[in-house]
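Q: Generate coordinates for the sequence data below:
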Amino acid sequence: MAEVDFSLSEVNDLWEELTHDQFDPTLTFETSERGPQIPSDFSVPTRRLGTWESKEDDVNHSLEYMLGEKLGEGGMGVIFEANQSALNRSVAIKMLKSEANSEAQRKKFLSEAVLTGALQHPNIIALHDLAVDQNDNLFYSMKKINGEPWSKTIRQKSLDENLEVFLRICNAVAFAHSRGVIHRDIKPGNVMLGEFGEVLLLDWGLAVVLPQNRQLQNKEFPGLGGTPSYMSPELARGEFDKLSPQSDVYLLGAVLYEIITKIPPHTGESVNEVLKNAANNIIEATSKKGELISIAFDAMATRIDQRISSAMELRSMVRNFQTHTQSMGITRRAKKFAKRARQNNDYILFANAILTFEEALDVWADNKKAINGLSLTKKYYTESAIENGDLDLAASILDGVDSKTSGPNLEPKSLSQKVSQLKKDRAKRQRQRDKDKKDLKKWSESFNVSPDIVAISRLRDGLIFEVNKAYLKTLGYMRSEVIGKSIGQLNIWADPKHRDEFVHVLETVGHCEEWETILQTKTGQQIPVLLSAGILGFDGEKAIITHAHSIARRKKMEKRLLDSERRFRETQQLAKLGTWEYNLETEKIIWSDETFRIIGLSQEIGEPTLEGFLSTVHPDDAPELLSRINQAQTDGKPYNLEIRHKDPEGGYKRIVATGKPHFENGRVISLFGSVMDITDFRQSN
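A: Okay, the predicted model is just below:
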């Protein structure tokens with residue numbers, strides 16, 4: 001609200017002569033009481049005007065302009081299409097109407113032409129000539145623009161399209177202000193959009209040239225004028241001593257308000273009510289929120305000294321909004337990468353998220369959401385690398401982090417200290433392993449000549465330290481294929497659970513005698529053996545020395561029975577075996593028909609997804625399966641895992657899920673594997 005309310009009666013007293021018979025507040029109103037000051041010796045040349053018909057009759061004089069069809073008219077003038085004979089070019093001519101040919105109106109017309117002609121700018125219409133015709137009718141010629149007023153398309157154009165027009169109008173107004181000129185009637189209806197991208201601010205008939213370093217004096221006051229729907233309070237109140245460039249800034253803010261809300265800021269049941277609302281700066285309420293509408297309200301502040309200071313500042317604020325909008329769009333894309341990266345523990349997606357957040361900050365360096373998103377993503381990426389043992393990667397992520405981009409969530413110092421300590425621990429463990437290998441080498445001479453299978457492995461994870469010649473010969477491995485690998489990786493135990501029981505006995509009593517089990521060769525041949533083992537201590541690590549003695553002859557008859565049962569199981573499994581493939585680059589998953597049947601999903605659901613498959617797995621088994629799949633992607637390790645899977649009756653069936661990575665140029669590009677229904681087999685056993 002203004003400091004002192006302006007009543008409807010005051011509006012009527014001030015504007016009655018102009019508004020008593022008018023009903024459209026979006027039209028321009030202007031008084032004819034006082035015209036601009038034109039020097040008494042000011043003169044204009046005479047140009048002969050005519051039509052194509054009059055040219056044929058006027059054979060003694062050449063016509064300098066040939067008038068064509070009428071293009072439009074206003075309260076004071078009418079505009080014709082014309083041809084300028086000297087240059088043979090198409091122009092537009094604005095003529096003063098005969099009924100508006102008073103001395104005051106002629107001065108206004110002359111003032112508009114002189115002022116507009118002095119403003120040479122790409123977004124202000126270019127005037128070519130000012131003259132009177134042979135009948136003393138004032139006119140001026142100007143560039144003809146094929147187009148339409150912005151007011152006809154402003155509600156159909158997108159926000160970005162309208163803002164581009166708005167910024168160019170700000171350029172024109174800022175240029176006029178640099179020449180001391182105030183427009184007083186900026187609105188979409190006074191902006192022409194050409195068919196080839198031209199944007200022109202027209203109708204400078206109400207414009208005022210401000211004196212330098214002082215306010216307008218009473219004798220210099222222009223008459224009332226403007227468009228009620230867009231007017232600033234000082235224009236609506238006729239407070240001409242307050243006219244300033246901020247009066248035009250208000251009008252620009254009103255246009256920006258209409259771009260956002262689709263309506264002008266001042267409305268009412270009558271023209272005078274609209275003028276009253278403008279005088280009191282009552283702006284139509286809107287539900288729109290955000291940076292752009294705040295800019296519009298700042299431009300339309302009631303107090304002039306609280307408005308945005310200039311058209312150029314307003315332009316910069318809107319341009320910054322466009323930059324912020326672009327940066328926020330990039331930030332939203334980065335968040336999607338980050339979410340998927342965290343869900344899948346995917347290094348590539350983490351890297352893409354970081355690069356995209358940094359792109360958003362390149363556009364807008366103070367984007368808080370991008371800063372926070374970047375810091376969180378680096379935090380989760382670092383934690384993922386730590387969890388996977390990729391300590392050098394974790395350290396590289398934290399390199400170059402500064403206080404501006406670290407955000408409140410990253411805590412780079414704490415994470416760096418953790419990575420440093422883990423690297424020290426890793427180096428210490430490596431030194432210990434090297435020492436253990438030297439110590440274990442001493443043992444190799446004592447068991448290398450034994451005819452039995454002998455191996456030394458780490459108790460906690462089965463990592464093989466040393467084996468004898470009988471081990472390599474019997475199981476069919478090269479030494480390089482065994483040393484440094486775990487028992488689980490080589491699948492030496494036919495039944496890994498049997499090994500778990502074996503280790504449990506060793507941990508409990510410290511030794512084991514004649515434990516009967518089955519070992520597998522590299523080619524898959526099974527050998528029944530009796531195991532004897534004991535625990536040895538090496539500088540804090542527990543190792544197992546194991547002797548395996550073949551009992552194949554005794555098991556010959558048992559083996560025949562086992563082979564028969566194995567062939568029977570394989571036959572069943574072949575009938576219930578489905579395959580799948582997962583392309584990591586395209587994220588496309590392909591299932592065989594048998595896989596859909598085993599999983600219990602219809603092929604009509606469309607392309608299968610990992611999430612869809614995991615949703616059918618028993619909640620206790622799903623995390624382990626997902627971990628194995630992720631490990632296969634990152635470390636290239638195959639997996640073989642038995643899981644429980646929902647069946648249509650609400651129970652669970654047993655599935656063996658396997659997966660193996662496919663490499664190209666040393667990089668995992670896809671996974672493939674199988675799902676095998678072993679429910680019947682488990683039930684039969």
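Q: what ranges do the helices span in the stretch 201-350 of the chain?
A: Assigned by DSSP state H, counting those that start in this stretch, the helices in the stretch 201-350 of the chain fall at 233-237, 245-261, 271-279, 291-299, 311-344, 347-363.
Q: Likewise for the stretch 1-150 of the chain?
A: 8-19, 52-57, 103-118.
Q: so what secondary structure elements neighbour the last one?
A: Packed against helix 103-118 by the contact rule (3 or more Cβ pairs under 8 Å, 6 or more residues apart in numbering; DSSP states H and E) you find strand 89-96, strand 127-132, strand 138-143. Any C-beta I mention is one placed from the backbone N, CA and C, and that applies to glycine too.
Q: want to throw the ones you listed into TSV with distance to residue 606, mean neighbour count and mean pLDDT?
A: Formatted as TSV, these follow (distance: least, Cβ to Cβ, whole Å; neighbours: other Cβ atoms under 10 Å; pLDDT from 0 to 100):
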stretch	distance to residue 606	mean neighbour count	mean pLDDT
strand 89-96	60	20	91
strand 127-132	65	19	91
strand 138-143	59	21	92
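Q: Tell me which of those strands sits nearest to residue 228.
A: Residue 228 lies closest, by Cβ to Cβ, to one member of the helices and strands packed on helix 103-118: strand 89-96, at 24.3 Å.
Q: about what we covered before: with distance to residue 357 added, can I get the helices and strands packed on helix 103-118 in CSV?
A: Formatted as CSV, those follow (distance: least, Cβ to Cβ, whole Å):
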stretch, distance to residue 357
strand 89-96, 52
strand 127-132, 52
strand 138-143, 48
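Q: wait, which of those is closest to residue 624?
A: Smallest distance to residue 624 across the helices and strands packed on helix 103-118 (Cβ to Cβ): 76.1 Å, for strand 138-143.
Q: now the closest one: how far from the chain's centre is it?
A: How far strand 138-143 lies from its chain's middle: 50 Å, per Cα atoms, centre = their mean, to the nearest Å.
Q: what's the angle from that strand to helix 103-118?
A: 20 degrees (axes from the mean of the first three to the mean of the last three Cα atoms, to 10 degrees).
Q: Strand 138-143 pairs with which strands?
A: According to DSSP bridges, strand 138-143 forms sheet pairs with strand 89-96 (antiparallel), strand 127-132 (antiparallel).
Q: quick revisit: in JSON lines, list the helices of the stretch 201-350 of the chain along with mean neighbour count, mean pLDDT and distance to residue 551.
A: Listed next are the helices of the stretch 201-350 of the chain as JSON lines, based on neighbours: other Cβ atoms under 10 Å; pLDDT from 0 to 100; distance: least, Cβ to Cβ, whole Å:
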{"stretch": "helix 233-237", "mean neighbour count": "24", "mean pLDDT": "92", "distance to residue 551": "105"}
{"stretch": "helix 245-261", "mean neighbour count": "25", "mean pLDDT": "96", "distance to residue 551": "87"}
{"stretch": "helix 271-279", "mean neighbour count": "25", "mean pLDDT": "93", "distance to residue 551": "103"}
{"stretch": "helix 291-299", "mean neighbour count": "18", "mean pLDDT": "95", "distance to residue 551": "81"}
{"stretch": "helix 311-344", "mean neighbour count": "18", "mean pLDDT": "92", "distance to residue 551": "47"}
{"stretch": "helix 347-363", "mean neighbour count": "19", "mean pLDDT": "90", "distance to residue 551": "48"}
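Q: quick one on the thing from earlier: and the helices of the stretch 1-150 of the chain, which one's lowest on average pLDDT?
A: Mean pLDDT across the helices of the stretch 1-150 of the chain is lowest at helix 52-57; the value there is a mean of 60.
Q: Residue 461 is nearest to which of the helices of the stretch 1-150 of the chain?
A: helix 103-118 (87.4 Å).
Q: hey, C-alpha coordinates of the closest one in CSV?
A: Output of helix 103-118 as CSV, limited to C-alpha atoms (Å, rounded to 0.1, in the frame of the first residue of the first chain):
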residue,chain,number,x,y,z
GLU,A,103,-1.5,22.9,-32.0
ALA,A,104,-1.0,20.8,-28.8
GLN,A,105,-1.4,17.6,-30.7
ARG,A,106,1.0,18.7,-33.5
LYS,A,107,3.6,19.5,-30.8
LYS,A,108,3.1,16.1,-29.2
PHE,A,109,3.4,14.4,-32.6
LEU,A,110,6.6,16.4,-33.4
SER,A,111,8.0,15.6,-30.0
GLU,A,112,7.4,11.9,-30.4
ALA,A,113,9.1,11.9,-33.8
VAL,A,114,12.1,13.9,-32.7
LEU,A,115,12.6,11.9,-29.5
THR,A,116,12.2,8.5,-31.2
GLY,A,117,14.5,9.5,-34.1
ALA,A,118,17.2,10.4,-31.5
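Q: Go through it and flag the buried ones.
A: Using 16 or more other Cβ atoms under 10 Å as the test for burial, helix 103-118 gives 105-117.
Q: Return the member of these nearest to residue 466.
A: Distance to residue 466, by Cβ to Cβ, is smallest for residue 116 among these, at 97.7 Å.
Q: Relative to residue 203, which of the helices of the stretch 201-350 of the chain is closest?
A: Smallest distance to residue 203 across the helices of the stretch 201-350 of the chain (Cβ to Cβ): 12.4 Å, for helix 245-261.
Q: The protein - how does it break down into domains?
A: 32-143, 148-309, 328-410, 431-554, 561-684 (automatic domain parsing).
Q: of all the helices and strands packed on helix 103-118, which lies closest to residue 311?
A: Of all those, strand 127-132 comes closest under Cβ to Cβ, at 21.9 Å.
Q: and residue 122, how many neighbours?
A: Residue 122 has 12 neighbouring residues, counting by other Cβ atoms under 10 Å.
Q: still on that earlier bit, figure out which of the helices of the stretch 201-350 of the chain is closest to residue 478.
A: That would be, of the helices of the stretch 201-350 of the chain and by Cβ to Cβ, helix 347-363, which comes in at 32.4 Å.
Q: tell me which element residue 461 is part of?
A: Under the criterion DSSP states H and E, no helix or strand holds residue 461.
Q: got any ranges where the stretch 451-600 of the chain has weak pLDDT?
A: The model of the stretch 451-600 of the chain has pLDDT under 70 over residues 537-540, 555, 557-559, 561-562, 564-575.
Q: ranges for the strands of it?
A: Ranges of strands in the stretch 451-600 of the chain, per DSSP state E, counting those that start in this stretch, are 453-458, 464-467, 511-520, 526-538, 541-550, 577-583, 588-591.
Q: So which other helices or strands are in contact with the second one?
A: Secondary structure elements in contact with strand 464-467, counted by 3+ Cβ pairs under 8 Å, 6+ apart, are helix 412-447, strand 453-458, helix 479-482.
Q: Good, wrapping up.
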